[in-house]
Every structure is written in C-alpha cells, then in structure tokens.
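A.B. asks: Here is a sequence together with a model predicted from it:
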Amino acid sequence: MKKILDKLISTNNLTKDELVYVLDNLNDEWRKYIFKHSKEAKERHYGKSVYMRGLIEISNYCKQNCNYCGIRHGNKNVDRYRLNPDTILQCTDLGYKLGYRTFVLQGGEDNYYTDELLVDLIKNIKDKHPDSAITLSLGERSYESYKKLYEAGADRYLLRHETATREIYDSLHPGMSYDNRRQCLNQLKEIGYQTGAGFMVGLPNQDNAALADDLLFLKELKPHMIGIGPFIPHPETPIGECKGGTVEDTMVMLSLTRLLLPDVLLPSTTALGTLDPKGREKALSVGANVVMPNLSPVSVREKYELYKDKICTGDEAAHCRKCIEGRINSVGYVVDMGRGDHVSMQ
C-alpha cells in the first residue's frame, strides 16, 4: 500500500487498478497517511487560505426528474419559488457589503431564466461590483447559451458530472444523456469558464471501481473546481429509502482528489455539515479549501431542499458568514474573502 500511495503523492497519478486497490484496502493508518499528504498538497498551493463564496439559490423549479433530488420535477410537495432579478441583485448587494467577492447563482433547470434575463442580470451585477466573480450553476444549457453568459461576464460554471459510470448515470437521470453531460463540461472549458465538476459518494450500485472511474474522469477533464459530497436520500424521491453516503468515505474521496489534482479548488460542502456537526471542518482538514455560506433570502432557504434536513436554513447571511468563519479558524485556517480564483488564474 505504501508504495502505491507514495507513487500517488509523488506523481499525482494512479491507474484504475491501483485506485481500486487503495479503496479496497484502506484502514485507519492509511487514511491518516493520505489525509496528512492531501492537507500538505492543499497548503503548498493555497497556504492556509479558505475561500468564501456567497451562495444564492435562485430557483427550486426544475424541468429534470433526477431520482435523488428533492426538487425534482416529479415531487409535487415542493413549495416552489424563483427569485426575480431585483431580488437576486439585492442579495449580491448585501453579500458585497459583507465582504463577498464571488457570488454563486445556483438553481434547478428553470426555463424562466432565459439567456436574455441572465445576460442582463450578469451585466448588472458586474456593473455594480466589477471586482467580483460570478459563478453559475444552472444545469445543462446549449453551447450558444453558455457562450452568451460567458461573454456577458460570468466567470465560472459548476456542473457536477454526478457519476462517471454510464449505467449508474442512466439509472438516476431519466430522460437525460450521459454523453450530453460530458459534452457540456467540455464546452464550458472550451469557452473559457473556470469549470467545476463533481460527484456524490455512496450512490446506489456505486462500488470502488465506479469511484475510481470518477477520479480518473476528473484527472482527464482537469476542472478548476470539484464538488464532492455524500449522497443523502430525500424521502420524496424514488431512491429515498436507499442507504446514504458517509462523511468518512467522502473525506477519502476529497483526499484522493486533492492528491490527483493538487491545485484544484475543493469545496467543503453543506451536505457534510448536515451529516456531521464537524463535517465541514473535517473536509477542510483533509484538503478542502472553499466554503459557500448562503446569501439567499431566509424566506426561501428551507424550500431549496435537494436532500433532507439541509443545515443553515434559518441564519441571517451575516450570522452565517461569522458562524462559518469561526469554524474555519477552529481548524487552523484563515478566511480569504477575495475572488478566490484557481491558482492558474491568479
């Protein structure tokens, strides 16, 4: 095991067989070994900085019907909402006053947000706050749409690949295309976005070979940001009774991702904090270096429920920032409120 892990640490590369061997044979000793080295890899590229992004969940309408997602089109018990451009601008204005210089506009695939509306919104945010970065996470759109939004001023786009295993992808995404998902990610990179991908840990039928494929796909894609979180079942979905992922397994995947792609931006997700009160701190301690406090209006936060019991729904934005800042400091890191670009873009 040590020989394989040392190869990973020194070359940032392993074969699929080697990755599967590592995942099959991890014990507490080897987990501590990779956690130590992934933390060191993060600090070599980003020091003690943890970047704060202001998250604005703009809509819980979604035309897709993903079998794991609480806001799927088929869930008729969702209290639907969407934020209009004026409300979104108010959120970015508040965030700017609180010190945020990156805003993440995230939502379901909602046809209300046309290219025209989003182009105007992006331009307005950039006109008011030209030193800020705008990240979009609005699902699959056309190449032309992605290009218009980029030319309007959007800097980054997050689109998790969800799983690199075709059979698992197809089982979870009725009416969607595995190949189109990959094509969207390649188009985003081609256009010039700082691009984010990512996957869930603990999905039904996901074995260590599938997890190795996720890591190898990311190594090939070389995204700027990778979102990895545990699968948390939502009771009003087709797989709501399935077993979920764990914080421990997610930490392993974060750590291996950091060692394969040492300069990547790696969020400590809300889902980890939902499963474990110290989940986000644990992720920061093994290589994560981004957190995304919620700037959405308090009145809608409980409605954006991708999974059950999502945390931080009742805090005001300012309190949410201070709360997470304290968590970051508690594990020896410092908050960086700048744009927090990928190291290759700085």
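C.D. replies: Arrived safely.

A.B. asks: could I get the lengthiest strand in the chain in CSV with only the CA atoms?
C.D. replies: Secondary structure of the chain per DSSP state E: the longest strand is strand 194-201. Presented in CSV, the C-alpha positions along strand 194-201 are these (Å, rounded to 0.1, in the frame of the first residue of the first chain):
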residue,chain,number,x,y,z
GLN,A,194,-13.3,28.2,-14.8
THR,A,195,-15.2,24.9,-14.8
GLY,A,196,-16.4,22.8,-11.9
ALA,A,197,-17.4,19.1,-12.0
GLY,A,198,-18.0,16.6,-9.2
PHE,A,199,-19.9,13.6,-7.9
MET,A,200,-21.7,12.0,-5.0
VAL,A,201,-20.3,9.4,-2.7
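
A.B. asks: tell me the average confidence for that strand?
C.D. replies: Strand 194-201 shows an average pLDDT of 98 in the prediction.

A.B. asks: which strands and helices sit next to it?
C.D. replies: When contacts are defined as 3 or more Cβ pairs under 8 Å, 6 or more residues apart in numbering; DSSP states H and E, strand 194-201 packs onto strand 156-158, helix 178-191, helix 208-221, strand 225-230, helix 247-260. (Glycine included, C-beta is placed from N, CA and C.)

A.B. asks: where does the chain have low pLDDT?
C.D. replies: Along the chain, the parts satisfying pLDDT under 70 run over 303-318.

A.B. asks: Name whatever forms a beta bridge with the most centrally placed residue in it.
C.D. replies: Centroid-nearest residue in the chain, with Cα atoms, centre = their mean: residue 227, separated by 3.1 Å. Beta bridges link residue 227 to residue 198 when assigned by DSSP bridges.

A.B. asks: dump the residue contacts of it.
C.D. replies: 158, 160, 196-198, 267, 269 (Cβ atoms under 8 Å, 6 or more residues apart in numbering).

A.B. asks: out of those residues, which are buried?
C.D. replies: For the contacts of residue 227, a burial check counting by 16 or more other Cβ atoms under 10 Å picks out 158, 160, 196-198, 267, 269.

A.B. asks: Residue 48: which of these is nearest?
C.D. replies: residue 267 (16.9 Å; Cβ to Cβ).

A.B. asks: what's that closest one sitting at in phi/psi?
C.D. replies: phi -70, psi 150 (degrees, to the nearest 10).

A.B. asks: List the residues that contact it.
C.D. replies: 225, 227, 288, 290-292.

A.B. asks: now do residue 20
C.D. replies: Shown in contact with residue 20 (Cβ under 8 Å, 6+ apart): 208-209, 212.

A.B. asks: That one: helix or strand, and which one exactly?
C.D. replies: helix 16-25 (DSSP states H and E).

A.B. asks: In that helix, which of the residues would be classed as buried?
C.D. replies: Under the neighbour-count criterion of 16+ other Cβ under 10 Å, helix 16-25 has 18-23 buried.

A.B. asks: And for stretch 183-198?
C.D. replies: 184-185, 187-189, 191, 193-198.

A.B. asks: Select, from those, the two members most distant in space.
C.D. replies: The two members of those with the most space between them (Cβ to Cβ) are 191 and 198, at 19.0 Å.

A.B. asks: just checking, what packs against the helix ranked longest in the chain?
C.D. replies: In the chain, with assignment by DSSP state H, the single longest helix is helix 28-46. Under the contact definition 3+ Cβ pairs under 8 Å, 6+ apart, helix 28-46 sits against helix 2-11, helix 247-260.

A.B. asks: most neighbours per residue, which of those helices?
C.D. replies: The highest average neighbour count among the helices and strands packed on helix 28-46, using mean count of other Cβ atoms under 10 Å, belongs to helix 247-260 at a mean of 23.

A.B. asks: What angle do helix 28-46 and that helix make with each other?
C.D. replies: Relative orientation of helix 247-260 versus helix 28-46 (axes from the mean of the first three to the mean of the last three Cα atoms, to 10 degrees): 50 degrees.
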